[in-house]
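Undergrad: predicted model and sequence follow; I will ask about them next.
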Amino acid sequence: MGPMSSFPVARMRRLRRTPGLRSIFAETSLEARSLIAPLFVKAGIDEPRAISSMPGHFQHTLESARKEARELAERGVGGVLIFGIPSGKDEAGSAASSASGVSQQAIAALRDELGDDHVVIADLCLCEYTSHGHCGILNDDQTVDNDATLERYAEIAVAQAQAGADIVAPSGMMDGQVGAIRTALDGAAFVDTPILAYSAKYASSFYGPFREAAEGAPQFGDRRAYQQDPRNVEESLREVALDLAEGADAVMVKPALPYLDVLRAVKEEFGMPTAAYNVSGEYSMLMAAAERGWLDERAATLEVLLSLRRAGADLIITYHAKKAAEWLA
Ligand code: PBG
């Protein structure tokens, strides 16, 4: 018997019949090398400390960070993104740019551990280092002083490059940060250090668990005067255009899942190397559901990561990196 309808039925299911057919017609792929794993390294602790809202993640010692980085590399993960948690904080976030600061020590240790087949990216911001928890230097009225902050970012970038960072990734959302950092790096003879710009970074509720992990929650107010409003997408295209004009080598959209439209728009408009940051809250919500048996962790994780590739991400920064790499092997 033929089809029940009088019009010819398009046989879409023909190419879905077997795993082999589905595989040769797949439009998108997901590989471990496209994943970047965030690592938190804390000064002055003897043992790694579990982060309660992010199962499987720790505030690392230098030693445990090395071990973790090695395991990630063995699984084929492309690189690590380093966040330092200093022993002391002050108004200027001094530890962020100190040559002996925890982030510089971590960068140097992981650079040494990983070799040139894997990449060490340094997150460049002040919120983990300032006593008030904001991403910059404060004015007397408690707002963030954009241009005073740029001077600090320039110092941090040079310290991170000196420590051996393969890439610096400014995440503070100050205007002109990419240009200021590029100028500083070039002036210190780091012309070959690329900038991965957190270009489209939203003021998001999904950063909650990260702020526990990195101890960088704002002590008053919020970040809406410098991070983007979730109602906007065209603004993201302007942010990316500015970062590219200032010298960004690659751009990022953050968070990932609630902003897939932004990711697609950025990739389509600029065609530049584009990263998506699958942030802490995205990880925590999936893991919480998986712990309760409400979602299958493996299937849901791989589906999420694939969705980011499909939306246009070349690179995915994700707390799922280690397990995903194992599953993809
Ligand atoms: C620092 C920074 C944050 C994240 C990455 N870099 C926190 C923030 O902006 O409040 C969040 C990452 C995550 O949630 O996984 N500016």
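TA: Good, I have the coordinates.
Undergrad: what's the neighbour count on Asp46?
TA: For Asp46, the tally of surrounding residues (other Cβ atoms under 10 Å) stands at 7. Every C-beta, even on glycine, is put in place using the N, C-alpha and C of the backbone.
Undergrad: pretty sure it sits against His60.
TA: No. Look at Asp46 against His60 with Cβ atoms under 8 Å: they stay out of range, at 11.6 Å.
Undergrad: what mean pLDDT does the longest helix along the chain get?
TA: Ordering each helix of the chain by length in residues (DSSP state H) puts helix 146-163 first. Average pLDDT, helix 146-163: 98.
Undergrad: how about it: buried residues?
TA: For helix 146-163, a neighbour-count test (16 or more other Cβ atoms under 10 Å) marks 146, 149-150, 152-161, 163 as buried.
Undergrad: same check on stretch 41-55?
TA: 41-43, 45, 48, 51, 53-54.
Undergrad: nearest to Val178 among these?
TA: Relative to Val178, the closest of these is Val41; by Cβ to Cβ it sits at 24.8 Å.
Undergrad: does the longest helix of the chain reach the ligand?
TA: No. Applying Cβ under 6 Å from any ligand atom, one finds helix 146-163 separated from the ligand by no less than 11.3 Å.
Undergrad: show me what the helix or strand of the chain with the lowest mean pLDDT is packed up against.
TA: Between all helices and strands in the chain, the lowest mean by mean pLDDT, DSSP states H and E belongs to helix 208-214, at a mean of 94. With contacts defined as 3 or more Cβ pairs under 8 Å, 6 or more residues apart in numbering; DSSP states H and E, the packing partners of helix 208-214 are strand 79-85, helix 280-291.
Undergrad: so which of these is the most surrounded?
TA: strand 79-85 (a mean of 25; mean count of other Cβ atoms under 10 Å).
Undergrad: and it, what does it pack onto?
TA: Using 3+ Cβ pairs under 8 Å, 6+ apart, the elements in contact with strand 79-85 are strand 35-42, helix 102-114, strand 119-124, helix 208-214.
Undergrad: relative to the whole chain's centre, how far out is it?
TA: Once both centres are worked out by Cα atoms, centre = their mean, to the nearest Å, strand 79-85 turns out to sit 9 Å from its chain's centre.
Undergrad: now the nearest residue to Thr149 once chain neighbours are set aside: how far from Leu110?
TA: What sits nearest to Thr149 in space, not counting adjacent residues and going by Cβ to Cβ, 6 or more residues apart in numbering, is Gly136, at 3.2 Å. For Gly136, the distance to Leu110 equals 26 Å [Cβ to Cβ, to the nearest Å].
Undergrad: which one of these two has more residues nearby?
TA: Comparing Gly136 with Leu110 by other Cβ under 10 Å, the one with more neighbours is Leu110, at 31 against 27.
Undergrad: ok, so what distance separates that one from Ala65?
TA: 6 Å.
Undergrad: name the residues contacting each of those two.
TA: Taking Cβ atoms under 8 Å, 6 or more residues apart in numbering as the criterion, Leu110 and Ala65 both touch Leu39.
Undergrad: related to what we said a few turns ago, quick one: list the elements packing against the longest helix of the chain.
TA: For helix 146-163, the elements it packs on are helix 102-114, strand 119-124, strand 137-138, strand 167-170, helix 177-187, judged by 3+ Cβ pairs under 8 Å, 6+ apart.
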